[in-house]
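**Q** return atomic coordinates for the entry below.
(one chain, ligands or ions: 3)
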Amino acid sequence: MSVPSATKRLTIRDIGRLRQRAEPIAMLTAYDSVMATLVDQSGIDIILVGDSLGNVVLGHETTLKVTLADMIRHAAAVARSTEHALVVCDMPFGTTTDPETALRSAVDILQHSGVQAVKIEGGLSMVPVIKRLTDYGIPVMAHIGLMPQAVHQLGGYYTHGKAAESADRLSREARALEEAGAFAIVLECIVAEVATAITAELAIPTIGIGSGPGCAGQVLVINDLIGLNTRPAPSFAKPRADAAGLVRTAVADYVAETKASALQKRAGAA
Ligand SMILES: Nc1nc(=O)c2c([nH]1)NC[C@@H]1CN(c3ccc(C(=O)N[C@@H](CCC(=O)O)C(=O)O)cc3)CN21
Ligand SMILES: CC(C)C(=O)C(=O)O
Ligand SMILES: [Mg+2]
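**A** Ligands and ions are numbered 1, 2, ... in the order given. Got it, this is the predicted structure:
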């Protein structure tokens, strides 16, 4: 038996234990070395290298343009810059079309980035995919509710589970994904009461985003948490800092000082 130490990286078994003890799980995204280091040193349980990378780092409109190569490059930066958190990498659009394609892509992610787990958007149609990966020994986090990779089919970003049949379907999906082997499940933008009910039905932890306080854990995009955005953040994300304001002020001060000193030098040399 090993003794838990402060520097040992969390595993999916540790995450399961937190759920069993009803200790809430804290998860945030990170996409680069500096941010991953800071987030890891501040006591987070899980770091997600989200395909929100496409929106918040790469300047795309949706997550659909993010590639496997993009994810591996950023996941590698996060994995090598952290030592405490469990690191999970989103499987990008187009890599989960069937179980063999998904397995190949997940192997590439683990082999070339060093993360410990992957996350897959989707409900019942992802059951065979998640079975294949978990049978092979790759930990999978599931993700239902608002699924940004399906934005063109959904027709926008909105809360799910409002109608009784939608709530029932979400609950059935969550149970099927647990049965398929998922070690946790993200509930994105699901009516709070429905997310709470799903949490009570499952042995694995639910990690909520915009789904109320009744989930086993919470996840947010780091940029939304610290106010490092140039586009409006989702309304459920309450910024705790104004990082964008700090950057704008520092840059404006620098520009002003540089321009002022150049003028003085020229004036003195003349
Ligand atoms: N910065 C950022 N934060 C995120 O949470 C995030 C991304 N980007 N990019 C990928 C996906 C997209 N996500 C989104 C995007 C928009 C909403 C949104 O506008 N939600 C509405 C809800 C409206 C309703 O309930 O009908 C909102 O007002 O927050 C939610 C999640 C979550 N992810
Ligand atoms: C919002 C979280 C759950 C995510 O999938 C991402 O950041 O890509
Ligand atoms: Mg994602």
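**Q** use CA for all of it now, contacts and neighbours both
**A** Will do.
**Q** and for the one residue in the stretch 101-250 of the chain that gets nearest to ligand 2, the neighbour number?
**A** Closest contact between the stretch 101-250 of the chain and ligand 2, by CA to the nearest ligand atom, is at Val221 (5.5 Å). The number of residues packed around Val221, counting by other CA atoms under 10 Å, is 21.
**Q** pretty sure it is touching Leu28, no?
**A** Yes. At 5.9 Å, Val221 counts as touching Leu28 under the criterion of CA atoms under 8 Å.
**Q** and the strands in the stretch 151-270 of the chain?
**A** Here the stretch 151-270 of the chain has its strands, by DSSP state E, counting those that start in this stretch, at 184-188, 206-209, 217-220.
**Q** tabulate these (a markdown table), appending mean pLDDT.
**A** Shown next, in a markdown table, are those (pLDDT from 0 to 100):
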| stretch | mean pLDDT |
| --- | --- |
| strand 184-188 | 99 |
| strand 206-209 | 98 |
| strand 217-220 | 98 |
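**Q** can you list those strands in JSON lines and add distance to ligand 3 and mean neighbour count?
**A** Formatted as JSON lines, these follow (distance: least, CA to the ion, whole Å; neighbours: other CA atoms under 10 Å):
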{"stretch": "strand 184-188", "distance to ligand 3": "10", "mean neighbour count": "27"}
{"stretch": "strand 206-209", "distance to ligand 3": "11", "mean neighbour count": "27"}
{"stretch": "strand 217-220", "distance to ligand 3": "11", "mean neighbour count": "22"}
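**Q** pretty sure Asp45 sits against Thr29.
**A** No. Asp45 is not in contact with Thr29 according to CA under 8 Å; the separation is 11.2 Å.
**Q** quick one: the helix or strand bottoming out on mean pLDDT in the chain near ligand 1?
**A** Counting by mean pLDDT, DSSP states H and E, the chain has its least confident helix or strand at helix 243-269, which shows a mean of 88. No. On the criterion CA under 6 Å from any ligand atom, helix 243-269 is out of touch with ligand 1, staying 13.0 Å away.
**Q** contacts for stretch 69-86 next, please.
**A** Residues from elsewhere that reach stretch 69-86 (CA atoms under 8 Å, 6 or more residues apart in numbering): 6-12, 30-34, 36-37, 40-41, 43-47, 49, 51, 87, 89-92, 108-109, 112-117.
**Q** now stretch 44-57
**A** 10, 15, 25-31, 36, 39-40, 60-66, 71, 74-75, 78, 84-92, 221, 223, 229.
**Q** cutoff 7 Å now
**A** 25-31, 60-63, 65-66, 75, 85-90, 92 (CA atoms under 7 Å, 6 or more residues apart in numbering).
**Q** hang on, the earlier thing: the residue of the stretch 101-250 of the chain closest to ligand 2: what's it in contact with?
**A** Residues near Val221 by CA under 7 Å, 6+ apart: 28-29.
**Q** next, it: phi, psi?
**A** phi -70, psi 130 (degrees, to the nearest 10).
**Q** ok, Thr11 next?
**A** Dihedral angles (degrees, to the nearest 10) for Thr11: phi -120, psi 170.
**Q** apart from its chain neighbours, what residue comes closest to it?
**A** Leaving aside its sequence neighbours, Thr11 sits nearest to Leu86 (CA to CA, 6 or more residues apart in numbering; 6.0 Å).
**Q** the one you found bridge partners, please.
**A** Ile46 (DSSP bridges).
**Q** could you report the pLDDT at it?
**A** The model reports Leu86 with a pLDDT of 98.
**Q** residue ranges with poor pLDDT in the chain?
**A** For the chain, applying pLDDT under 70 flags the ranges 1-7, 263-270.
**Q** cool, thanks, signing off.
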